[in-house]
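# Got a predicted structure plus its sequence, pasted below:
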Amino acid sequence: MQGFSPTPRARPSNAAPARPSVHRRYLARRLTGAALLITLLLGAAALSVALGARSVGWAEIHAALTGQVQSVGDAAVASRLPRTLLALLAGAALGVAGGVMQGLTRNPLADPGLLGVNAGAALAVVIGIAWFNLQTSLGFIMSALTGASLSAVAVYVIASLGRGGATPLRLALAGAAITAALTSLTTAIILPRGDISGLVQSWLVGGVGGATYDQITPVVPFLAVGFIVSVACARKLNLLALGDDTAAGLGENVALARGMSALGAVLLCGATTAVCGPIGFVGLVVPHACRLLVGTDYRWLLPFSALGGAILLLLADVAGRLAAHPAELDAGIVTAFIGAPVFIWIVRRRKVGAL
């Protein structure tokens, strides 16, 4: 008698095909989101070059891009190109810095403006101008970085006092207190100095108007280092999101991870503030919007925040030009109009007691 050899069961003809893996679906969603943001970024950059007190056509844009400045339109485009570049760099820097700060503090309200970093950088620059006749771009940058670093340390130390350490709520409260104090000191320094008050107060609003390549070039190395350090800390931020004890148990040096992440955020904030003035809410709004596309993985969130921040600041600058035509509203005013309602929505959604 021959042995029985079962044959494999035939698959029913109406069986559903195997679903793609979760990883593939997430990857496709993220790549689609990246393509969308890149398209929006290119469109925002085109609008920034084309729109303003004088609208220009593609012929004038092409002429200015090729170095031919023969008409008023060509000159207008030539003056908008560095402004567009600065808005792109500054928006990307603030978006990444906000994402890093939110991951570092595990605080959904973390933002360079709300944690006192921008205020510290601004105060240091104002002191340099008023008391030390600061004039060079490198001097502005170093002063802003020093002020941003000292402010960040002060906020963390104050929030760490007492039981429980630096909780998200304590960081937000300490940041608000430090910001108020530093802003008051900045105002006190400016008021008696009529020779600098007009220029400094315009700078304190925050914006990218009047940008030149000579202003942008010195800040690029600092932004590049800040971007590299921040992106390199993405995996560390993922571990810190699990809690300090869990991160340490997985082999992460928590103190080093926090220090490196803070260094990247301070470099981005300080360098941006030095050249643009303090611009708020970009670092708050953009990471929250990007989480809807890519989730909470900082290896994806930080690059997306760079794209989103650049788009937001470019569009804010364009909106400021058009809203008060033929005059202009600085981009910092427009981002405040956008950011304040988002801030209120986040607080109401999260509930302050749960932060």
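In hand now; what should we look at?

# so what secondary structure elements neighbour the lengthiest helix in the chain?
The longest helix of the chain (DSSP state H) is helix 72-105. Counting contacts by 3 or more C-beta pairs under 8 Å, 6 or more residues apart in numbering; DSSP states H and E, helix 72-105 is packed against helix 22-50, helix 58-65, helix 213-216, helix 220-232, helix 234-240, helix 254-276, helix 282-294, helix 298-323. Any C-beta I mention is one placed from the backbone N, CA and C, and that applies to glycine too.

# Can you tell me which of those is nearest to Leu191?
Of all these, helix 254-276 sits nearest to Leu191, with 20.9 Å by C-beta to C-beta.

# quick one: Leu182 from Leu315, how far?
Distance of Leu182 to Leu315, computed by C-beta to C-beta, to the nearest Å: 29 Å.

# Skipping its backbone neighbours, what lies nearest Gly165 in space?
Spatial nearest neighbour of Gly165, excluding adjacent residues (C-beta to C-beta, 6 or more residues apart in numbering): Ala159 at 7.8 Å.

# what about the stretch 101-250 of the chain, any weak spots by pLDDT?
Low-confidence segments of the stretch 101-250 of the chain (pLDDT under 70): none present.

# swap the cut-off to 80 and go again
The stretch 101-250 of the chain contains residues with pLDDT under 80 at 107-109, 114, 162-169.

# all helices of it, in order?
117-132, 137-160, 168-190, 194-205, 213-216, 220-232, 234-240, 244-249 (DSSP state H, counting those that start in this stretch).

# Turn these into TSV, including distance to Ser48 and mean neighbour count.
Listed next are the helices of the stretch 101-250 of the chain as TSV, based on distance: least, C-beta to C-beta, whole Å; neighbours: other C-beta atoms under 10 Å:
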stretch	distance to Ser48	mean neighbour count
helix 117-132	23	24
helix 137-160	22	21
helix 168-190	29	18
helix 194-205	19	15
helix 213-216	15	14
helix 220-232	19	18
helix 234-240	29	20
helix 244-249	41	14
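
# Compare these and give me the one nearest Leu292.
Leu292 lies closest, by C-beta to C-beta, to one member of the helices of the stretch 101-250 of the chain: helix 234-240, at 18.1 Å.

# contacting residues around that closest one?
Helix 234-240 is contacted from outside by 100, 103-104, 106, 246-247, 250, 252, 254, 257-258, 260-261, 296-299, 301-302, using C-beta atoms under 8 Å, 6 or more residues apart in numbering.

# same thing but 6 Å
103, 247, 250, 252, 257, 298-299, 302 (C-beta atoms under 6 Å, 6 or more residues apart in numbering).

# If you average pLDDT over each of the helices and strands packed on helix 72-105, which is lowest?
The minimum mean pLDDT among those belongs to helix 58-65 (a mean of 73).

# Check which helices and strands it sits against.
Packing partners of helix 58-65 (3 or more C-beta pairs under 6 Å, 6 or more residues apart in numbering; DSSP states H and E): helix 72-105.

# Which among the helices of the stretch 101-250 of the chain is found nearest to Arg321?
For the helices of the stretch 101-250 of the chain, proximity to Arg321 was assessed by C-beta to C-beta; helix 194-205 is nearest, at 14.6 Å.

# Please compute how far the closest one lies from its chain's middle.
Here helix 194-205 is found 24 Å from its chain centre; the criterion is C-alpha atoms, centre = their mean, to the nearest Å.

# what's the answer for stretch 176-189, then?
With C-alpha atoms, centre = their mean, you get 22 Å for stretch 176-189.

# same thing with stretch 162-171?
Stretch 162-171 has its C-alpha centroid displaced from the chain centroid by 24 Å (C-alpha atoms, centre = their mean).

# same thing with stretch 295-315?
8 Å.

# do stretch 26-40 as well
What separates the centre of stretch 26-40 from the centre of its chain is 19 Å, taken as C-alpha atoms, centre = their mean.

# related to what we said a few turns ago, what's the most distant pair in the contacts of helix 234-240?
Spatial extent of the contacts of helix 234-240 (C-beta to C-beta) is set by the pair Leu250 and Leu302 at 20.1 Å.

# which of those two has more neighbours?
Taking neighbours as other C-beta atoms under 10 Å, Leu250 and Leu302 compare with Leu302 leading, 27 against 9.

# list the contacts for the more buried one?
Leu302 neighbours (C-beta under 6 Å, 6+ apart): 96, 99, 231, 234.

# Taking helix 117-132 as reference, get the angle to the strand or helix carrying Ala336.
Per DSSP states H and E: Ala336 is located in helix 331-350. Interaxial angle, helix 331-350 versus helix 117-132 (axes from the mean of the first three to the mean of the last three C-alpha atoms, to 10 degrees): 150 degrees.
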